[in-house]
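*Asks:* Sharing a model that was predicted from the sequence below.
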Number of protein chains: 2
Amino acid sequence: MVTMREVAERAGVTKQTVSNVVTGRVAVRPATEARVRAAIAELGYVPNLVARSLATGSTRTVGLFVPTVSAPFYADVVEEVEDALEERGHHLLLCTTRRDGERARRHLAGLTSRSVDALLIAGDQGLTGHLPLLADARFPVVLCAWEAPVPPGFPVVTIDYAYGGGLAGRHLRELGHERAVILASPAHSVRVEGFRRAFREDSPVHLAPAPAFRAGLDTALAALRAHPGATALFATHDVLAAAATEAARALGRSVPHDLSVVAHDDTPEGLLSRSTLTSVVLPKREMSRQAVDLALATPPGAVPPAPRLLLPRLVPGASTAPPGG
Amino acid sequence: MVTMREVAERAGVTKQTVSNVVTGRVAVRPATEARVRAAIAELGYVPNLVARSLATGSTRTVGLFVPTVSAPFYADVVEEVEDALEERGHHLLLCTTRRDGERARRHLAGLTSRSVDALLIAGDQGLTGHLPLLADARFPVVLCAWEAPVPPGFPVVTIDYAYGGGLAGRHLRELGHERAVILASPAHSVRVEGFRRAFREDSPVHLAPAPAFRAGLDTALAALRAHPGATALFATHDVLAAAATEAARALGRSVPHDLSVVAHDDTPEGLLSRSTLTSVVLPKREMSRQAVDLALATPPGAVPPAPRLLLPRLVPGASTAPPGG
DNA sequence: CTGAAAGCGCTTACAG
DNA sequence: CTGAAAGCGCTTACAG
């Protein structure tokens, strides 16, 4: 492996001068710089970032915790974060926690000894009990995609989930619907409340035990049978919306003629469904970028700025219509 | 940040002794070790892996290239690789290439200066043109989930995709089917050929422009209309299988009564479909573990072992039956 | 079993 | 604008 010293010898300068041209921190005379760059090219020199990290204290690496990468939402967040990081010259150390506190704890220890520059935690993964550990992390920790109550002391950039629920409720109301059922995941109570406030406080909610298709299908069937008068359904999750559509079909009700369905965070490609769903779309890209910026800008012990709430928007699709079509 | 030196002072030894107890490389007298451990605990000492990496040359970090994390197959691979890595005390640097050679090249440069211990590349991402760069990487590069012809010179652990196609063909044959259409992604020609050899060489294949639901649906509709006599369909991808099921339904054909559908690599939870699909299941976990082991065991300049081919298996579901039900 | 020395490859003030 | 020195926090032979 060729080092800075070898480049220096080749160019007839000292290694500090090589360092100066590589980092650009100190101006170097053009002629010298040219010699150095030539030597770098000839030798195929690549700076050793490990050595640089030891000297500077920055690894230009940030950790990201997500519960899983198998859910479309988190898959998107991972890619958005990666993009934002790459633009800033950083790399991504990925940790999937599987909502397992012990696993998260182990990863945190790993990131600590590895000296990442920051840690992003996406999704309130039932990790709140382990948060005290985070409080005295050596690097900034920023929380994002956080639907549960925000723990104090951490910078957070998340989505206004209640507002998103409200968008869905308002949409159905404007179409003239009066009765809707809610198909929700247990973790989505904020979306549910937002919907209820905008639509009707007493809208019945049916909880799917897991945000999975089968579970959603069973719950949706039960919900639609229990409330035959409902002309609309709000699903708090893309998979649940797909399941609801399927359930409606199984019951002989066509969407949107006999039932309007609005989803929360449908995948853009409509991967799961045949036609486009009317959906509350979450600003994942914006959230990821802001989280990265915040993480990289926050000094280690700084007092966290106020939580940032990004607004989702409603994208109309083919799954909603006035009651009766 | 507390360092080894401070621990040493506290314990009344030199830092080399602390190093010895931390690494366990050299035996230390029990009494001394106890004093050192006590000092470590009192001071909350955490070894600095950056410094260790500089001294040892190993970062205990491995890079993983996947085309995307949004496809269920790769999402699973990422989590399996992460698990295998964690068990071995390594961390995961994730790079999604988006099938973009330039992007991959940039990431490769990043990993090089960062001195990862190894790089895993999952999926022949049309990166073959960029492979020469990999040939003189400073760290072992192992290829996995590689359906295209394997470039020489690299260790590879992949799946016997042709065998998987064969399993699907044999299954349909044994059920008594005589005509089947194939719904395939352009990159899946190996699976297609495997199927044809086991089923019928002249089975018509319809290519979906992308492994996405909409594209699959259109192609499936066209395929089923073009071959009304087909009693079975082989989809080379889970999303395509879901689309095919949908297409059959749209044409008024029930699955499996009027049409048997076998998928290749359906997601275990059957996320995309209502009932379970008969599917060729890929050994992702085994592949990921072997790839990690290979990457961590292969000395930098070693001659690569022969490619390893792992066998998929067929898991019967509710989507196949003898022709006519 | 424990200590003194050199080194991993860089950066950072600090003189010239 | 360029060079000499010290240091980042560890590990690795090598003596004792």
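*Replies:* Nice, thanks for sending it over.

*Asks:* what residues does chain A put near DNA strand D?
*Replies:* Contact residues (C-beta under 7 Å from any atom of the strand) of chain A with DNA strand D: A:13-14, A:16-17, A:20, A:26-29, A:31-33, A:51, A:54-55. The way it works is simple: take the backbone N, C-alpha and C, and place the C-beta from them, glycine included.

*Asks:* Now tell me which helix or strand of chain A has the poorest mean pLDDT.
*Replies:* Within chain A, no helix or strand scores below helix A:131-135, which has a mean of 78 by mean pLDDT, DSSP states H and E.

*Asks:* what ranges do the helices span in the stretch 1-150 of chain A?
*Replies:* Ranges of helices within the stretch 1-150 of chain A are A:4-11, A:15-23, A:30-43, A:49-56, A:72-87, A:101-114, A:131-135, based on DSSP state H, counting those that start in this stretch.

*Asks:* name the helices or strands packed onto the fifth one?
*Replies:* It refers to helix A:72-87. When contacts are defined as 3 or more C-beta pairs under 8 Å, 6 or more residues apart in numbering or on different chains; DSSP states H and E, helix A:72-87 packs onto strand A:61-66, strand A:91-96, strand A:118-122, helix A:284-297, strand B:91-96.

*Asks:* tell me the angle the longest one makes with helix A:72-87.
*Replies:* Compare the direction of helix A:284-297 with that of helix A:72-87 by axes from the mean of the first three to the mean of the last three C-alpha atoms, to 10 degrees and you get 50 degrees.

*Asks:* Could you check the helix or strand just after helix A:284-297 and say which residues are buried?
*Replies:* On the C-terminal side of helix A:284-297, the closest following helix or strand by DSSP states H and E is strand A:308-310. For strand A:308-310, the neighbour count (16 or more other C-beta atoms under 10 Å in any protein chain shown) marks A:308, A:310 as buried.

*Asks:* Okay, now the sheet partners of strand A:308-310, with direction.
*Replies:* strand A:156-159 (parallel) (DSSP bridges).

*Asks:* Kindly export the strand it pairs with (C-alpha atoms) in CSV.
*Replies:* The C-alpha coordinates for strand A:156-159 follow below in CSV (Å, rounded to 0.1, in the frame of the first residue of the first chain):
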residue,chain,number,x,y,z
VAL,A,156,-35.8,14.9,16.0
VAL,A,157,-37.0,15.4,12.5
THR,A,158,-40.2,13.5,11.8
ILE,A,159,-43.5,13.5,10.0
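
*Asks:* tell me the mean pLDDT for that strand?
*Replies:* Taken as a whole, strand A:156-159 carries a mean pLDDT of 96.

*Asks:* so for stretch A:215-233, what's the average pLDDT?
*Replies:* The average pLDDT for stretch A:215-233 rounds to 95.

*Asks:* Figure out how far that stretch is from the centre of its chain.
*Replies:* Per C-alpha atoms, centre = their mean, to the nearest Å, the displacement of stretch A:215-233 from the mean C-alpha position of its chain is 29 Å.

*Asks:* Likewise for stretch A:58-65?
*Replies:* Taking C-alpha atoms, centre = their mean, one finds the center of stretch A:58-65 at 16 Å from the center of the full chain.

*Asks:* So it, near DNA strand C or not?
*Replies:* No: using C-beta under 7 Å from any atom of the strand, stretch A:58-65 stays clear of DNA strand C, coming no nearer than 8.4 Å.

*Asks:* which residues sit against that stretch?
*Replies:* Residues outside stretch A:58-65 that contact it (C-beta atoms under 8 Å, 6 or more residues apart in numbering or on different chains): A:49, A:53, A:78, A:81, A:85, A:89-97, A:104, A:107, A:111, A:114-123, A:125, A:127, A:292, A:295-296, B:50, B:93, B:114.

*Asks:* Can you tell me which of these are buried?
*Replies:* Among the contacts of stretch A:58-65, those scoring as buried are A:49, A:53, A:78, A:81, A:85, A:90-97, A:104, A:107, A:111, A:114-123, A:125, A:127, A:292, A:295-296, B:50, B:93, B:114 (criterion: 16+ other C-beta under 10 Å).

*Asks:* Alongside DNA strand C, which residues does chain A contribute?
*Replies:* Those residues of chain A that sit near DNA strand C, judged by C-beta under 7 Å from any atom of the strand, are A:1, A:3-5, A:15-16, A:19-20, A:22-23, A:25, A:45, A:47-48, A:51-52, A:54-56.

*Asks:* For A:Ile182, which residues count as its bridge partners?
*Replies:* Beta-bridge pairing of A:Ile182 under DSSP bridges involves A:Val205, A:Phe234.

*Asks:* That one contacts A:Glu193, doesn't it?
*Replies:* No: in this structure, A:Ile182 is not within contact of A:Glu193 by C-beta atoms under 8 Å, at 10.1 Å.

*Asks:* Comparing those two, which shows the higher neighbour count?
*Replies:* Taking other C-beta atoms under 10 Å in any protein chain shown, A:Ile182 and A:Glu193 do not tie; A:Ile182 has more neighbours (26 against 16).

*Asks:* Quick check, pLDDT for the more buried one.
*Replies:* 98.

*Asks:* Show me what A:His264 is bridged to.
*Replies:* If you apply DSSP bridges, the partners that A:His264 bridges to are A:Val280.

*Asks:* burial count for it?
*Replies:* Other residues close to A:His264 by other C-beta under 10 Å number 31.

*Asks:* what separates it from A:Glu178, distance-wise?
*Replies:* Look at A:His264 and A:Glu178: by C-beta to C-beta, to the nearest Å, they are 21 Å apart.

*Asks:* mind listing what A:Glu82 touches?
*Replies:* A:Glu82 is in contact with A:92, B:94-96, counting by C-beta under 8 Å, 6+ apart.

*Asks:* Please report how far it lies from A:Pro72.
*Replies:* A:Glu82 sits 16 Å away from A:Pro72, going by C-beta to C-beta.

*Asks:* pLDDT below threshold where in the stretch 51-200 of chain A?
*Replies:* For the stretch 51-200 of chain A, no stretch has pLDDT under 70.
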